[in-house]
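A.B. asks: sequence and computational prediction follow.
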Amino acid sequence: MVTNFQSHYIPNTPAEQDDLLAAIGLRNIDELFADIPDGYRNPTLELPAPLSELEIQRELNELAARNRPLASGPSFLGAGSYHHFIPSIVKAIMTRGEFLTAYTPYQPEVSQGTLQVIFEFQTMISALYGMEVANAGMYDGATSVAEAVLMACRVTRRQQVIVADTVSPAYRQVIATYCQAQGITIDITPADQVTGAITEATAGIVAQYPNFYGSLEDLQALGEAAHADGALLVVSADPLAMGMLKPPGEFGADIVTGEGQPLGIPPSFGGPYLGLFSCKQQYIRQMPSRLVGRTTDTEGRTGYVLTLQTREQHIRRERATSNICTNEALYALASSIYLAAMGRNGLRQAAELCYHKAHYAAAEIGKLDGYSLPQSGAFFQEFVVSCPQPPAEVNRRLMERNILGGLDVSDRFDNGMLLCVTEMNTRAEIDALVSALSEIA
Amino acid sequence: MVTNFQSHYIPNTPAEQDDLLAAIGLRNIDELFADIPDGYRNPTLELPAPLSELEIQRELNELAARNRPLASGPSFLGAGSYHHFIPSIVKAIMTRGEFLTAYTPYQPEVSQGTLQVIFEFQTMISALYGMEVANAGMYDGATSVAEAVLMACRVTRRQQVIVADTVSPAYRQVIATYCQAQGITIDITPADQVTGAITEATAGIVAQYPNFYGSLEDLQALGEAAHADGALLVVSADPLAMGMLKPPGEFGADIVTGEGQPLGIPPSFGGPYLGLFSCKQQYIRQMPSRLVGRTTDTEGRTGYVLTLQTREQHIRRERATSNICTNEALYALASSIYLAAMGRNGLRQAAELCYHKAHYAAAEIGKLDGYSLPQSGAFFQEFVVSCPQPPAEVNRRLMERNILGGLDVSDRFDNGMLLCVTEMNTRAEIDALVSALSEIA
Amino acid sequence: MLNKGGNRDTTRMLMDRSVSGRVGVITPELDVPAAPPLDAAYLRDSLPLPEVSEPEVVQYFTSLSQLNFSIDTHFYPLGSCTMKYNPKVNDEVAFLPGFAGIHPQQPAEQSQGALELLYRLQEFLTEVTGMSATSLATLAGAHGELAGVLMMRAYHLARGDSGRTKMGIPDSAHGTNPASAAMAGFDVVTIPSDADGNTDLAALREIAGDDLAGVMITLPSTLGLFDSHILEVCQVVHECGGLVYGDGANMNALLGRAKLGELGFDVCHLNLHKTFSTPHGGGGPGAGPVCCGEILAPYLAAPVVERVVDPGNGAGEFTLSEPAESIGKISGFHGNFGVLVRAYTYIRTLGAAGLQSISGNAVLNANYIMHALKDIYALPYDRTCMHEVVFSADRQRERGVSGLEVAKRLLDYGFHAPTMYFPLIVHEALMIEPTESETKETLDAFIDALRAIDAEATTEPELVQHAPHSTPVSRLDEATAARRPVLRWEPAAAD
Amino acid sequence: MLNKGGNRDTTRMLMDRSVSGRVGVITPELDVPAAPPLDAAYLRDSLPLPEVSEPEVVQYFTSLSQLNFSIDTHFYPLGSCTMKYNPKVNDEVAFLPGFAGIHPQQPAEQSQGALELLYRLQEFLTEVTGMSATSLATLAGAHGELAGVLMMRAYHLARGDSGRTKMGIPDSAHGTNPASAAMAGFDVVTIPSDADGNTDLAALREIAGDDLAGVMITLPSTLGLFDSHILEVCQVVHECGGLVYGDGANMNALLGRAKLGELGFDVCHLNLHKTFSTPHGGGGPGAGPVCCGEILAPYLAAPVVERVVDPGNGAGEFTLSEPAESIGKISGFHGNFGVLVRAYTYIRTLGAAGLQSISGNAVLNANYIMHALKDIYALPYDRTCMHEVVFSADRQRERGVSGLEVAKRLLDYGFHAPTMYFPLIVHEALMIEPTESETKETLDAFIDALRAIDAEATTEPELVQHAPHSTPVSRLDEATAARRPVLRWEPAAAD
Ligand SMILES: Cc1ncc(COP(=O)(O)O)c(C=O)c1O
Ligand SMILES: Cc1ncc(COP(=O)(O)O)c(C=O)c1O
C-alpha cells in the first residue's frame, strides 16, 4: 500500500480519486496494479524526501554556483562546443508553451507552428551548407556524422569508410560506435593521405570543415577524389563558419552534417545540442529522420506535413533509414530564430569577428617567447598553440587568473593547446590571455 | 540633417523610407519636421554611442554584479519590501507577449485575457482583505494609501485625516505630498492616541496592519472610534499576512489598501510594485482608477469590460476620482498567478512560516546580552530589536559576514533595528544572524 | 456547442475550478520550533482563495493570454499609446538577480550598480529633453504630471506668488492633464485650438494673467500636430509669470528633433513605456520621469541620485538624495526601477542616431498612412502630422457607420483598433499611431483594410455595424456592466 | 478574404519577407586589427539567408506558435507519449548560467556542481529501475535502445557467444525497437501477443535458442497492459542464454510500483521527456538514459560520472569516466545535460511518494476513461489497463467513420488526438494516455467529446469524415507532399 502524496503537479485529490475508483468499481489504487506479480509490487524507492520549489531553487542554485560559466571570465575553449552570442529573443520565443509543450507534429492541422518552423529550418540549413535538402531530426553533431556514414554505405552499398584524422576525436568515436555492428570498416587516415587512400570499395570519406584543429581542409580535392571512385564526400561543417566560408555544397559534398550548437544554443555542459544533416536531392529517400514538406489543405491553403515517412521507424521498422524518433526539434526552433535574426549580414559579421579576433590572438601568441603555431595554412576561429609547458599546467595557471584556456591536444601536437576565439572575446580578454601566457612561459 | 541608422528595431530600410517619402511627395525625412522652428530643429544629442546586444548584455551584467541580491546571503531587511518566494510559473506566464505587449483593454473583444485576469485579481484581493470590492489600477502601496486618504475626504466631505505614527514613514510622506495642494490637514498621531484624537471633522484615520514596526494594531477599536464620529477607517495591510490574519474588512475597515509586492513580485530595488485598493461597495463611485466588470456579449456569452469609467480621467477629466491612467496591470497579473498557485492553503502556510520563523528569531535575539525587544504585543514577521551599538554599525559588521541586517529605526527606538524574517530565511540563516549579533554585542 | 478542452476552457474562473484539497504550491516544512499561536482575535477564520493545481494555473492563464491582441501578435496602432516593439533583451536584463533581486533600502554600498544606472538614466533623459535635472521617482505619465504641476505650485508659492490658481490646458489634452492639475489644486481653464490645430494664441493671451500658474502643453499635440506657435506659447506664458508644463507622452515624434527645454518648456514628463519602449503589460507598469529646467530643479520629487566625488581620489559614489525644496516623496521607493532598467537599455542600444531614426520613421509612417487614406477618411487638419494621424469617420457616419464601428471592424481584419473618440475636439475621431517599428507591408495591409471597410460601409453596412465577428466575444453590453456592476466572482454568479 | 494583420500574417515565410538591408541583430564593431583576408577559394559568394528586423522575427514566430496545440493550451492524450504537465521550475533552473553557460570540456574542478547533479541522477534512475548502473549519455529513447542492444551484443561477444544474431520483439512494439535492433546488427524476430495482449509464451519459447541475443519488451506494453507473464518471459529468455531489454518509455505507469531490474530485465532505457516530464519541445530534445544490471554495467556507453573519494579526507570529487568494456561514446559529450537537470529537479520535487502518486493517478485516469467509453468504443483487451487505454474504432468504422476521422474530429472539440493506428496489431487503434496531471473535469469533457463524436458518426457522419473544421488548416494532402516533395522555400514556390 502506497501512501498518497498530494503533489502540486497532480490535480485530483484523494476524494476525487475515490470518485474515479468508484466509477470503475474499485476500492483503491493498488487494485489497479494487481497484474504485477506478488512480491514485486510496490517496492521501496530509496530517494531523498521531496522538496518544495523554494528548496529546489536553493539546491539547484547551489549546484549551479559550483560551476564556472564561460561568461564569468575570459574563455578560450571551443573544440566542438562554442561560446557565441545568443539574442534574447531566442529564449523568449522558444520557451512559449505552445512550442515547448507540444510534441512531434503528428496532427498537422494543429501543429502548423512547429511544422512551418521546421520548414524554415530546412530552408536555412540547406542555404548555409549550399545543399539541396536538409532534414530536421538529428541529435547532435557527432551522431549526425555517424548517421551520414551509415547513409553513405546505404547509398553506395559499400562498407568501407575513410575518416580524416583531423575529424573531432569524439566524432570518430561515435562513428565507431554506430558502425560497430554493421560490418563497416572505418579507416582513420591522416588528412593529407585521404585522397590517396580512396578505392572502389570506399563508400565515403569524412572530413571536418574547419577541421577539429581549426584549419580549412581542401574540400575540392577531397570531393573530386571521392567522386572519381564513386565514393561520397561527407563533411561535418561548423554552421556559423558558413557565414563567411564557401559552403561544402559548392565543393561538391554529398552529405553535409554539423553541430547546430553555435546557432543560438547555449553550451549547457554538452547538450541538448542539434544535429544538422543535409544532402543532395537524389539521396533523400536514404536520409535518416524527419522531413517536413509543403502541401495544401482541402481548401487550397498552404500547409506543412511530415513527409517521406516511409523511411522512418514508425512505418518501416527494422528497415528504416534510422531509429530516430524524438530528436531536438526545440533547438531546430532556436536555431531558426537565431538565423532569422542574424540574417544574411549578421551571420557574416559574426563569422568575420571570430575570424579576425582569432587571427589577432594567434598572431600575438605566436610572437611570445616559447610559444609557436605548429599549423600553417588557413584557419577560422580555432588554432593550435605549442606551449612551453604541458597544456594542463598552462591551463591551471590561466585559471588562477580566471582565464579558461584551451583543449589539451598534446597527444597530437607537442604541448599543443587548441584555442578558440569568438566574437564573445573582447580585445581586452585576448590581451589578458596573451599577457598571462607570456608570464607563464 | 540627421544621419540614418539602421536599427534592428526599425524594419524599413532607407530604400523603403524613400518609397514612403515618394508616396507622400517628399524628398527626405527632415521635411516632415518643418514645423519645428529653425534653430531648434535637430539639436545635437550627447549620448554614448549605440551598443550591440552583446555589449549591452555585458554592460548590464556588470552593473548588476555591483549589487548584492537578497538571495546571495542571509537577508533580514523588510520595512515595506519583502523577500518572499515566487513560483517559477509567475514569470513564465507574465512574460508571454500576449500579456506583456498588450495595453489597457480598451477594446474588450480582443482583450478578454487581460480583462478576465483583472476580474480574478479583484476577486482575490477582495477576498484577502475581506472587502466587498477591489480595483486594479494603483501604482504602489504608498500611493494607494494616499489615494485612500483623498477618497475618504471625498466620501465624507471632510478635510482632516489622522495618520497613526506607526504607519510607514514613506507612506506618511507620500500622503503629505498627495494632500499638499488639497487643503487637507494630516495629523500624525501616536498610534495609541488615535482613537482619542478623532472628531466630527475627521474624514478618516489611517493605520497600517501589521504596522511599520511589525506589530498588530487594534483595528476593532480604531474602526469603532472612527465610525462613531462618521470618519472612515483606512487600513494599509500586508496582503501576504492576510494568509493568517483576520482581514481588516472583518474589523469594519472602510478602505483597505496595500502594497502588492509580497504577492509574487520581486523586490527589484523598489519597483515596479502594485497598489492594492479595496473598499465597501457603497463607495465604489468614489473609487480611483480601473475597475473591470462582468457582462455579456450580443450572443449571451460572458465577457468582461472596463466599467464605471465615468469616474476616470479620460471621461471626467478634472473631476475624475484620480488622474491614474497607466498603472501596474502586469503585476496585477503576476499577483493573480501567485495567489492562484498559492491558493487557500499555500498562502496560509507561507504566512505561518513567516510568523513562526520571525518569532523564533525574536526569541533567540531577545536572549542575547545587550539586545532587547522594545515592543510587546502581537507581531507577524517584523520586530524591532534594540542593539548594544548603533544599527548602522551593527549592519556594517553583519555585512562583513555577508548578512544583510535590518532597517535603522533609531529615530524611534534606542539603537533600534527593524528586522524581518520570512519563509525565505532558513533556520541556519537565522542562527547565523543570532550568533553574528552575539559576537557584535 | 463544442466545449474547449477541459481545463483550458477559459469560461470557468478560478473559483469555479477550485476543488478542496488541490494544491498549487508546496511550501517548505517549518524548520524552527513553532511559536505560541497568535491571539485568536487576530486570526482569520476562512481564506476564500481558490484551490487549484499548478498545471491548471498554467493552462488557465496561458489560454487566457491567447484571447488578447498584443504587439507581438497584432499591429496595434492605438493612438497616443506608442505601441512599438518591446525588445526582449530589455526584459531579460531587468530580470537579472542583481537588479530584480535587490532591496530598495539595502545600503548604498550594496547597490552601486543600480544607483549608477539610475544616475546615467537621469543624465540621458535630461539631455533628450534639453532640461537641467531629472527625477525618476514617478511611476507613470499621469504621476509625472502630478509631480510636475506640484513643482510649479511650489515654485510660485516659494516666491510668495500665491494667487496663481489657474492652469491652462488645451481642449485637445489627454484627460490626465486636467485630472493632475486638479489634484494639484488648480482650477482648469481650457485653451481652445485654432483652425490649424495649434494653440489659439489669442485665447491663450486672454487667460495669461497673474492668476495663471502655467499651462500644460502636449507636444506634439494629441492631434498629432507640432504646434507651430510653440515659441510664442511659451513666451506668452512666461511673460505673465507662468510656467510651461510639457506633456511628453508623444516624444516618440521628437526624439533628437527638438528639445522641450530649448523650446521654452520649464518642466515635462516622459512616458518611458511609450517612447522608450518598455512593455505596456496590459496597462502598466510604466514610468513617468520628470525633467525640468534650472529654476524648478530644487522642487523635484524625491529621491534623485547624486554622484558624490571623493575629493581625495576622485572616485565617485552614488547616493540617493532629496532636492532642497522637493515637493516630497511621491512613491514608495525610487521609482519603477525595472522599467527604468529597460529604458536605460533601450537608450544604450540606440544612441543618438538611433533615437533620431525612431522619430524620423515614426513620423514618416504616420504621414504615409495619412496620405494613403485622406481621400477616404476625413482629415480635420490637413497638414504634415507627427507620429500619429487623427482622422474623422464623419464620411462613414453619413452612411450609417460610426467611427467605433470602423474601429471594431478592424479587429476582424486582424488589427487592433486605433484610439477612438479622442481627442474630444475631433468628431468621430480615429487616432492612428503606427510607430517606427512596423514594416511597410504592415502599413499597406492596414491601409487596405481601412479602404476595404470604407467600401463595406457602402456595400454591407450591417457587417461593419455589428463587427467584430471573429473575436472571442462579440460586442459587450457595457451599459449593464456599469448599471449593475459585478466586480468579483460570487458563487451565485457562476455560470 | 480577410488578411491577418500585416507582419503577423504567417502565410509569408521568412524569405518572402526578406528585404535587402533589414537588420535583425547588431553585431559589435571589430576591436582588433583586421587580419589579412582569407584565401578567396574559401570565401563564399552569397549567403541566401533572410534579412528581417527583430520585431518581425518575434512577431512571426510568436504568431506561428499560436497555430500549435500543446499541453499548456490543450489536453494532449497522445498515447505512448506521456504528455503530462511540464513544470516551469525545471526550465528555469536549467537556464541558470551555472548550468546553461558551462562548457562540456572545462576542467572537472570547474564543473563539480554539474557532475554531482549527474552523479545523483544516475543513482536515482538506478534506484527507480532496480538496476545497478546508469549511463546518461543517450539523447532519446531510441538512442538508449541502440546503446542497450549494442551492450547486449558486446556482452555476448565478450563471452565468445557470437552466434546470437536474433532479437525477439513483440508485434506490438514501437517502431524504434526493431529499428534499433537492426542498427545493432540483429535480425528481428517478431513475437506475437496472445489473446490477452500478453507475450505469447509458446511463441517465445519457439525462438528461444542459442541464436537469440535477447528480447526487447515494453512494460507496460504499447497496448497499455502489464504483461502478466513477465516473470516467465524473463525466465525463458535467460534460460536460453539471452538477455531481456526493457523499453521503459511507459514507465509512467510503474513508478514505484515495480522495478524492471527486480522483474528480471537486464537493461532498459527511460524516456526522461515522458516519465520525468521534461518538455517535448515539438519533438525533442529528450534523454534516454540506460540503466542495467551488474553483468551489463561494464558495457555502458561512455561517459559515466564517478565519485572518487580522497582516502585522506574522505572528500569526494566527481569525474567523467569510461566503463571498462564500454560500447563507446555514443554522443558528442555527456548527454542532454539541460534535459537531465530538468529530470533531476522533477525527481527531487516529488520524492518516492510523489513518483508513486504519479503512477497511481496515471493508471487511474486511464482506467476511468476506459470504463467510461468501453460501451461505445470497442476495447480489444478488456482488462485493467495501465497508463493508457487502446480502443478500436471498429464500431464507428461500420458507420463509415474511421479511427483517423474520430481523432481529427476531436481537434474540433479542442482536444489533441490520441495516437492513431498504433500499436499495429489493433485495428483502427485509438491509443489514449491521459497522464496523471489532468483533472477529472478534463477527463469528463474528453469522454463527453468522444461520446458526442460517436453520436455524430450516426447522425452526421460527413461532419466527422471531413473534420477538422475549426483548425488553422483543414486536412492536408500528404500524398502529394510525399510524391513531389517540396522541402524548402524556393523563390518560385512563393505564394
Ligand atoms: C498624451 C498623453 N498624456 C498623458 C498620458 C498619461 O500617461 P500614463 O498613462 O502613463 O499615466 C497619456 C497616456 O495615455 C497620453 O497619451
Ligand atoms: C514505447 C516507446 N518506445 C520507444 C520510444 C522511442 O523514444 P524516443 O522517441 O525518445 O526515441 C517511444 C517514443 O515515442 C515509445 O513510445
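C.D. replies: Everything's here; your move. Ligands and ions are numbered 1, 2, ... in the order given.
A.B. asks: is the lengthiest helix in chain C in proximity to chain B?
C.D. replies: For chain C, the longest helix by residue count, based on DSSP state H, is helix C:337-373. Yes. Using C-beta under 8 Å from any C-beta of the partner chain, helix C:337-373 comes into contact with chain B via C:337-339, C:341, C:345, C:347-358, C:360-361, C:363-365, C:367-368, C:370-372. C-beta coordinates here come from the backbone N, C-alpha and C atoms, glycine included.
A.B. asks: helices or strands up against that helix?
C.D. replies: Packed against helix C:337-373 by the contact rule (3 or more C-beta pairs under 8 Å, 6 or more residues apart in numbering or on different chains; DSSP states H and E) you find helix B:14-24, helix B:53-65, helix C:88-94, helix C:97-100, helix C:112-129, strand C:389-392, helix C:440-459.
A.B. asks: residue ranges with poor pLDDT in the stretch 1-150 of chain A?
C.D. replies: Applying pLDDT under 70 to the stretch 1-150 of chain A flags residues A:1-4.
A.B. asks: pairing partners for the helix or strand encompassing A:Ser236, with directions?
C.D. replies: Assigned by DSSP states H and E, A:Ser236 belongs to strand A:232-237. If you go by DSSP bridges, strand A:232-237 pairs up with strand A:202-209 (parallel), strand A:255-259 (parallel).
A.B. asks: now that strand: mean pLDDT?
C.D. replies: Averaging pLDDT along strand A:232-237 yields 98.
A.B. asks: return the set of buried residues in it.
C.D. replies: The neighbour-count check on strand A:232-237 (16 or more other C-beta atoms under 10 Å in any protein chain shown) flags A:Leu232, A:Leu233, A:Val234, A:Val235, A:Ser236, A:Ala237 as buried.
A.B. asks: out of the residues you listed, who's near ligand 2?
C.D. replies: Checking the buried residues of strand A:232-237 against ligand 2 by C-beta under 6 Å from any ligand atom, not one of them is in range.
A.B. asks: hey, C-alpha coordinates of stretch C:295-303 in PDB?
C.D. replies: Extracted C-alpha coordinates of stretch C:295-303, given in PDB (Å, rounded to 0.1, in the frame of the first residue of the first chain):
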ATOM      1  CA  ILE C 295      14.600  77.000 -11.700                       C
ATOM      2  CA  LEU C 296      12.400  74.100 -11.000                       C
ATOM      3  CA  ALA C 297      15.200  71.500 -10.100                       C
ATOM      4  CA  PRO C 298      15.100  72.200  -6.400                       C
ATOM      5  CA  TYR C 299      11.500  71.100  -6.300                       C
ATOM      6  CA  LEU C 300      11.800  67.700  -8.000                       C
ATOM      7  CA  ALA C 301      10.200  64.800  -6.300                       C
ATOM      8  CA  ALA C 302      12.500  62.800  -4.000                       C
ATOM      9  CA  PRO C 303      14.700  60.900  -4.300                       C
END
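A.B. asks: what's in contact with it?
C.D. replies: Stretch C:295-303 is contacted from outside by B:177, C:132-135, C:137-138, C:147, C:150-152, C:154-155, C:158, C:243, C:266-267, C:290, C:292, C:320-331, C:334, using C-beta atoms under 8 Å, 6 or more residues apart in numbering or on different chains.
A.B. asks: need the buried ones from those residues selected in ChimeraX.
C.D. replies: Listed next is the ChimeraX selection for buried residues among the contacts of stretch C:295-303, using 16+ other C-beta under 10 Å:
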select /B:177 /C:133,134,135,137,138,147,150,151,152,154,155,243,266,267,290,292,320,323,326,327,328,329,330,331,334
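A.B. asks: so C:Tyr245 sits against C:Glu145, correct?
C.D. replies: Yes. Applying C-beta atoms under 8 Å, one finds C:Tyr245 in contact with C:Glu145, separated by 7.4 Å.
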